[in-house]
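In: how would this look folded up:
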Amino acid sequence: MPSSRTSARLVRNLRRKGHLVPSSSVIHRMHYDPKKQVLTIVYVSGKVYDYKGVPEKVYEEMKTAFSKGEFLNYHIKGKYPYKQVS
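Out: Coordinates of the predicted model:
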């Protein structure tokens, strides 16, 4: 289990890189790498996950979704492989 210090460091790095900060009770930050098609989600719990093979169109739709958490649950989780980063 990652320490809160590790999670805090990852969040600081994401902020410096200009990652999107959605208004969500579940998602603290998210970032998309179009070259690798990797969506990185930082949850409010501090856990960080990479979802692989996510098309850019799906990320763009998520950015405009009313509920980022619902979009994640219905359109990304269970559809794309993921890995816990911290």
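In: all strands of the chain, in order?
Out: For the chain, the strands defined by DSSP state E cover 27-33, 38-43, 48-52, 82-84.
In: closest to Lys63 out of those?
Out: strand 27-33 (8.2 Å; Cβ to Cβ). Quick note: C-beta positions are derived from backbone N, CA and C, even for glycine.
In: and that closest one, how far out from the chain middle?
Out: Computed by Cα atoms, centre = their mean, to the nearest Å, the separation of strand 27-33 from the middle of its chain amounts to 4 Å.
In: and what of stretch 40-55?
Out: 3 Å.
In: again, but for stretch 49-66
Out: Centre to centre, stretch against its chain (Cα atoms, centre = their mean), the figure for stretch 49-66 is 9 Å.
In: just stretch 74-82 next, same as before
Out: Per Cα atoms, centre = their mean, the displacement of stretch 74-82 from the mean C-alpha position of its chain is 12 Å.
In: tell me the mean pLDDT over that stretch?
Out: On average, the pLDDT along stretch 74-82 is 97.
In: now it: buried residues?
Out: Residues of stretch 74-82 classed as buried by neighbour count (16 or more other Cβ atoms under 10 Å): Ile76, Tyr80, Tyr82.
In: would you confirm that the second one contacts Lys52?
Out: In this case it means Tyr80. Yes - counting by Cβ atoms under 8 Å, Tyr80 does reach Lys52; the two are 6.1 Å apart.
In: tabulate the buried residues of stretch 74-82 (CSV), appending distance to Gly69.
Out: Formatted as CSV, the buried residues of stretch 74-82 follow (distance: Cβ to Cβ, whole Å):
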residue, distance to Gly69
Ile76, 11
Tyr80, 16
Tyr82, 15
